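Undergrad: Sequence first, predicted model second:
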Amino acid sequence: MVLGVLGSGSGSNMQAILDAIDAGSLDARVALVLSDCPGAWILERARQRGIEAGVIDCRGFRTKFPEEAQVETAVRLKDAGVEFVCLAGFLRLVKRPLLDAFPGRILNIHPALLPAFPGLESWKQALDAGVAETGCTVHLVDEGMDTGPILLQERVPVLPGDSPESLHARIQAAEHRLYPAALTYLSARSGNGS
């Protein structure tokens, strides 16, 4: 299973995927890591592992993912032999050019039990809503925001006295288990693994 990773931040979920590969629990290889933020730590994590890494040129847009940039990203991923694309803290909405290049093969991890609390800072949304539990979801990406078919979810309780930071830290720990598990599940389902 050849993976490409798109991220905007530290890359802790990519690290969890790499750790699962190293442990032998995920039969995969990360071939390419791309970021829309030139200084993102995810790029340094990739370089330290000898994984090809590069920057996505978003034409100066802060949040938009321009069509030309998506086409260029798709070409780079295809040229690297990527079969599945993992969004790991990638803060731009993926649309048609990239979705068409990898139909049903782009995954995202979201820090909530979708369909509840889509969008940004969902752990804060959960706290504000006063729910007893939240969690994380790995889903396939479609044209909506956090609306694609759900692959796996893990529940995380909201504890009395939780702050946004403490809740987010527990959700991230669950994410680091769930993303590699979802890739193993997807590989088996698609016939790429045993």
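TA: Noted; the coordinates are in hand. Numbering: from 1, shown residues only.
Undergrad: which helices and strands does the helix or strand where G135 lies pack with?
TA: In this assignment (DSSP states H and E), G135 forms part of strand 133-140. Strand 133-140 sits against strand 106-110, helix 122-129, strand 150-157, helix 164-190, with contacts defined as 3 or more C-beta pairs under 8 Å, 6 or more residues apart in numbering; DSSP states H and E. C-beta here means a position set from N, CA and C on the backbone, and glycine is covered the same way.
Undergrad: Buried residues, that strand. List them.
TA: Across strand 133-140, burial judged by 16 or more other C-beta atoms under 10 Å covers T134, G135, C136, T137, V138, H139, L140.
Undergrad: what is the mean pLDDT for that strand?
TA: Mean pLDDT, computed over strand 133-140, is 98.
Undergrad: re the thing from before, between the helices and strands packed on strand 133-140, which gets nearest to G39?
TA: Closest to G39 of these is helix 164-190 (C-beta to C-beta; 20.9 Å).
Undergrad: could you check the angle strand 150-157 makes with that closest one?
TA: 150 degrees (axes from the mean of the first three to the mean of the last three C-alpha atoms, to 10 degrees).
Undergrad: in helix 164-190, what's buried?
TA: So, applying 16+ other C-beta under 10 Å, buried residues of helix 164-190: 167-168, 170-172, 174-176, 178-184, 186-187.
Undergrad: what about it, average pLDDT?
TA: The average pLDDT within helix 164-190 is 94.
Undergrad: ok but G54 is inside a strand, no?
TA: Yes. Under DSSP: H, G, I helix; E, B strand; the rest coil, G54 sits within a strand.
Undergrad: Write down the beta-bridge partners of it, one by one.
TA: Residues in a beta bridge with G54, per DSSP bridges, are L34.
Undergrad: quick one: contacts for it?
TA: L32, V33, L34, S35, L43, R76 (C-beta atoms under 8 Å, 6 or more residues apart in numbering).
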